[in-house]
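Asks: Here is the input, now give the coordinates:
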Amino acid sequence: MSTTMVAALNAALRDSLREDAGVHVLGEDVGTLGGVFRVTDGLAAEFGAQRCLDTPLAEAGILGTAIGMAMYGLRPVVEMQFDAFAYPAFEQVVSHVAKMRNRTGGRMGLPITIRVPYGGGVGGVEHHSDSSEAYYAHTPGLHVVTPATVADSYGLLRSAIASDDPVVFLEPKRLYWSAADFSPAEVATARVPPIGRAMVRRPGTSATLLTYGPSLPICLEAAAAARSEGWDLAVVDLRSLVPFDDETVCAAVRATGRAVVVHEAAGFAGVGAEIAARVTERCFHHLAAPVLRVTGYDIPYPPPMLEKHHLPSVDRILDAVARLQWEQ
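Replies: Numbers count the residues shown, from 1 in each chain. Okay, the predicted model is just below:
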């Protein structure tokens, strides 16, 4: 049946709450309202206000509470209402969530899932469209995951909640209402995708597009458009930024000899820079051209009328692929 990403995420939360009494959901407006994007819709009515808890508008306090819950054996799932709203809680993430297992010599982990709606493409203003993945990926001790499909949004969220390590779960807002033929009920007891494994969404021979989260659909669109130029582009969906799947990524790049990394976040010191470095180090003798990047510009997020110029587009991706063909 046709299922939206929002519905799949809601099903993942519901199934986790049903199967594990230690799972608790907390955040701003997650209870009575069901979340700004309705991801938690109906959970408070089904499981009660103690399991799906509305909190004050205080992100540092929300995450600090979740840390205490996890230390006492619960599995809290925190919602940060928007990407940039999470910054007041960043000190808690870096100083405590990411370090507790190491600080206690492995005796205490913090199985916290931090859900963060992120990225642009929805006409949001500043503080509502940030791509903050590089901050979290640069923080040792965290897993960083971002689904791009309906099925992965369900499966990866189930894996994140079940993980004994803290997971920052980045949800692409522009894909919330994308739909696919998917029934969570059919896979509730099946093996869900593990954290740390990328997936080749489209094989190809000319060049490899490496992407994740909200940029996957635009890369698939670019790959379809590239056929008119005689290019056969592979598309790899990273799914997990930490841990990173070097094996799948490098196999795809070695097969084509060319690679372009695509993401919405600013390019300077972004995740794409790390990916380009890893690919270059591991695939140098297979590369026919430098690894290129197509990213957002190095500016604060622009007003809604300008975001279409800021975000990666089919034309910008194909321009990068054209450069790969000449740089031999």
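Asks: I'd say A266 and I299 touch.
Replies: Yes - contact criterion CB atoms under 8 Å: A266 and I299 qualify, at 7.4 Å. Bear in mind the C-beta positions are built from the backbone N, C-alpha and C, glycine included.
Asks: Compare those two (neighbour count), which wins?
Replies: A266 (19 against 9; other CB atoms under 10 Å).
Asks: mind listing what the more buried one touches?
Replies: With contact set as CB atoms under 8 Å, 6 or more residues apart in numbering, A266 has these partners: S131, T295, G296, Y297, D298, I299.
Asks: do H96 as well
Replies: G64, I67, L110.
Asks: Please tell me how far the first one sits from H96.
Replies: According to CB to CB, to the nearest Å, G64 stands 8 Å off from H96.
Asks: beta partners of G296?
Replies: In this structure, G296 bridges to A266 when assessed by DSSP bridges.
Asks: Quick one: neighbours of the nearest residue to S153 once chain neighbours are set aside, just the number.
Replies: Spatial nearest neighbour of S153, excluding adjacent residues (CB to CB, 6 or more residues apart in numbering): P147 at 4.2 Å. P147 has 29 neighbours, counted by other CB under 10 Å.
Asks: what do you get for K308?
Replies: 12.
Asks: Can I take it that D130 is in a helix?
Replies: No - using DSSP: H, G, I helix; E, B strand; the rest coil, the assignment for D130 is coil, not a helix.
Asks: Thought F85 was touching it, still the case?
Replies: No - counting by CB under 8 Å, D130 does not reach F85; the two are 9.3 Å apart.
Asks: Which residue of those two possesses the greater neighbour count?
Replies: With neighbours defined as other CB under 10 Å, D130 and F85 compare such that D130 has more, 25 against 17.
Asks: ranges for the strands of the stretch 201-328 of the chain?
Replies: Per DSSP state E, counting those that start in this stretch, the stretch 201-328 of the chain carries strands over the ranges 207-211, 233-237, 240-242, 259-266, 292-296.
Asks: other SSEs contacting the third one?
Replies: Secondary structure elements in contact with strand 240-242, counted by 3 or more CB pairs under 8 Å, 6 or more residues apart in numbering; DSSP states H and E, are helix 133-137, strand 143-145.
Asks: right, so these: which one is the most enclosed?
Replies: strand 143-145 (a mean of 26; mean count of other CB atoms under 10 Å).
Asks: Heading C-terminal from it, find the next helix or strand.
Replies: helix 150-162 (DSSP states H and E).
Asks: Output that following helix as PDB, restricted to C-alpha atoms.
Replies: Taking Å, rounded to 0.1, in the frame of the first residue of the first chain, the C-alpha atoms of helix 150-162 are listed here in PDB:
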ATOM      1  CA  VAL A 150      10.000   5.400   3.000                       C
ATOM      2  CA  ALA A 151      11.200   1.800   3.800                       C
ATOM      3  CA  ASP A 152      14.500   3.000   5.200                       C
ATOM      4  CA  SER A 153      12.800   5.600   7.400                       C
ATOM      5  CA  TYR A 154      11.000   2.800   9.100                       C
ATOM      6  CA  GLY A 155      13.800   0.200   9.200                       C
ATOM      7  CA  LEU A 156      16.600   2.600  10.200                       C
ATOM      8  CA  LEU A 157      14.600   4.200  12.900                       C
ATOM      9  CA  ARG A 158      13.800   0.800  14.400                       C
ATOM     10  CA  SER A 159      17.600   0.000  14.300                       C
ATOM     11  CA  ALA A 160      18.400   3.400  15.900                       C
ATOM     12  CA  ILE A 161      16.000   2.900  18.800                       C
ATOM     13  CA  ALA A 162      17.300  -0.700  19.300                       C
END
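Asks: the inter-axis angle of that helix versus strand 233-237?
Replies: With axes from the mean of the first three to the mean of the last three CA atoms, to 10 degrees applied, the angle from helix 150-162 to strand 233-237 works out at 30 degrees.
Asks: Please parse the protein into its domains.
Replies: Domain assignment for the chain by automatic domain parsing gives 2-187, 199-326.
Asks: between those, which gets nearest to P193?
Replies: domain 2-187 (4.5 Å; CB to CB).
Asks: Return the distance of the closest one from the chain's centre.
Replies: Distance of domain 2-187 from its chain centroid, counting by CA atoms, centre = their mean, to the nearest Å, is 11 Å.
Asks: if we can go back for a sec, counting neighbours, which of the contacts of A266 comes out on top?
Replies: S131 (27 neighbours).
Asks: mind pulling up the phi and psi values for it?
Replies: With angles defined as degrees, to the nearest 10, S131 sits at phi -120, psi 100.
Asks: what's the closest non-adjacent residue to it?
Replies: In space, S131 is closest to A265, 3.6 Å off (CB to CB, 6+ apart).
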